[in-house]
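Participant: Make a model of this:
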Amino acid sequence: MSRPLLLIATLAALALPSAALSQDRQPASAETRATYDRMDPLSRSLFWQQESEINPADPVAGVRLAQALRELGQFDQAVQAADKVLVVQPDNAEAMIELGRAHIARGQAFYGIAALERARDLLPGDWRPWSLLGVAYQQVRREADAQVAWAEGLRLSPDNPSILSNMAMVRLTSGDLPGAEALLRRAAAQPQAGLQVKQNLALVLGLSGNLGEAETILRRELPPQVADRNLAWIRERAAGPVTADSGRTWQSLQ
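Facilitator: Purely as a prediction, here's the structure:
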């Protein structure tokens, strides 16, 4: 069953520069890294895997690899990649955040809470750990702590679409489609709302039976083939009950 990921590049398009494949491999240039960061998750995972092999102590490569693996649905491997960074740099807050995301995505948020709480302490003005802690606390049924975390995140970044989207996806997995839709419409209305927020809104609309508006959003935001796959995924799930898996398999976490 396909996941609603960005368009997967062909193997030919994934070919890395020959210099990177030589015996004396060197890390890619900043320009090459920036280019791959704009590619689909599969391309990024292959590229950052090579960068990690060239220099296992490179924290940027490790964190980017963990992120790409998580977006591919390879949650256990994402956890391992983030953990490797923390072996080298125990106070790397970005690795802690990605570790927390990966544990949440695989439905085992309990194991990511300590890392996210540490990231929160290391980055006192950053809304991201608070947003993710809200999801993690909710997953382990610490509802009051989740509300406190999200409130603090929104205090640091009012109407932040990523926080609102994470809150909405928790509503979705609990079966509260109207609540999820209200939060996602508020999130999508923000000027800085990204593609994932709009895709999440399309998902909730589709699951609510509003397939027409869901299709309008997806066709406006995605290439035709990707929109087709996402719509097929939504239609398949709209025919059945909403479950906790509905949000996680959509790869909605931010």
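Participant: can you tell me the distance between the two ends of stretch 44-64?
Facilitator: Using Cα to Cα, to the nearest Å, the end-to-end distance of stretch 44-64 comes to 8 Å.
Participant: mind listing what's buried in it?
Facilitator: By 16 or more other Cβ atoms under 10 Å, the buried positions in stretch 44-64 come out as 44-52, 58-64. (C-beta placed from N, C-alpha, C; glycine too.)
Participant: Okay, now the unreliable bits of this protein?
Facilitator: 1-24, 240-254 (pLDDT under 70).
Participant: and it, what are its domains?
Facilitator: As assigned by the TED database, the chain contains the domains 35-157, 159-240+248-253.
Participant: now those domains in CSV, with distance to Ser29?
Facilitator: Output for these, formatted as CSV (distance: least, Cβ to Cβ, whole Å):
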stretch, distance to Ser29
domain 35-157, 9
domain 159-240+248-253, 27
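Participant: thinking again about what came up before, which of the buried residues of stretch 44-64 fall in helices?
Facilitator: The members of those that map onto helices under DSSP state H are 44-52, 59-64.
Participant: Those: which two are farthest apart?
Facilitator: Taking Cβ to Cβ as the measure, these reach their widest spread between Leu46 and Pro59, a distance of 19.0 Å.
Participant: Let me know the closest of the ones in helices among the buried residues of stretch 44-64 to Glu215.
Facilitator: Ranking those by separation from Glu215, with Cβ to Cβ as the measure, puts Arg44 on top at 27.9 Å.
Participant: Run a quick neighbour tally on the spatially closest residue to that closest one that is not a sequence neighbour.
Facilitator: Leaving aside its sequence neighbours, Arg44 sits nearest to Ala68 (Cβ to Cβ, 6 or more residues apart in numbering; 4.0 Å). Ala68 sits with 26 neighbouring residues when counted by other Cβ atoms under 10 Å.
Participant: ok, Ala68 touching Asp37?
Facilitator: No. Applying Cβ atoms under 8 Å, one finds Ala68 not in contact with Asp37, separated by 9.5 Å.
Participant: Mind listing the shared neighbours of these two?
Facilitator: Arg44 (Cβ atoms under 8 Å, 6 or more residues apart in numbering).
Participant: buried set for stretch 207-226?
Facilitator: Buried residues in stretch 207-226, counted by 16+ other Cβ under 10 Å: Leu207, Ser208, Asn210, Leu211, Ala214, Glu215, Ile217, Leu218, Arg219, Glu221, Leu222, Val226.
Participant: Show the contacting residues for Arg219.
Facilitator: Residues in contact with Arg219, defined by Cβ under 8 Å, 6+ apart, are Ala227.
Participant: Which helix or which strand is home to it?
Facilitator: Assigned by DSSP states H and E, Arg219 belongs to helix 211-221.
Participant: And the next helix or strand past that helix?
Facilitator: With elements assigned by DSSP H and E, the helix or strand that comes after helix 211-221 is helix 224-238.
Participant: then that next one to PDB, C-alphas only?
Facilitator: Written as PDB, here are the backbone C-alpha positions of helix 224-238 (Å, rounded to 0.1, in the frame of the first residue of the first chain):
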ATOM      1  CA  PRO A 224      -0.800  15.500 -10.700                       C
ATOM      2  CA  GLN A 225       0.600  12.000 -10.000                       C
ATOM      3  CA  VAL A 226       1.200  12.700  -6.400                       C
ATOM      4  CA  ALA A 227      -2.200  14.300  -5.900                       C
ATOM      5  CA  ASP A 228      -3.700  11.200  -7.500                       C
ATOM      6  CA  ARG A 229      -1.900   8.900  -5.100                       C
ATOM      7  CA  ASN A 230      -2.900  10.900  -2.100                       C
ATOM      8  CA  LEU A 231      -6.500  11.100  -3.200                       C
ATOM      9  CA  ALA A 232      -6.600   7.300  -3.600                       C
ATOM     10  CA  TRP A 233      -5.100   6.900  -0.200                       C
ATOM     11  CA  ILE A 234      -7.700   9.200   1.400                       C
ATOM     12  CA  ARG A 235     -10.600   7.500  -0.500                       C
ATOM     13  CA  GLU A 236      -9.500   4.100   0.700                       C
ATOM     14  CA  ARG A 237      -9.500   5.200   4.300                       C
ATOM     15  CA  ALA A 238     -12.700   7.300   4.100                       C
END
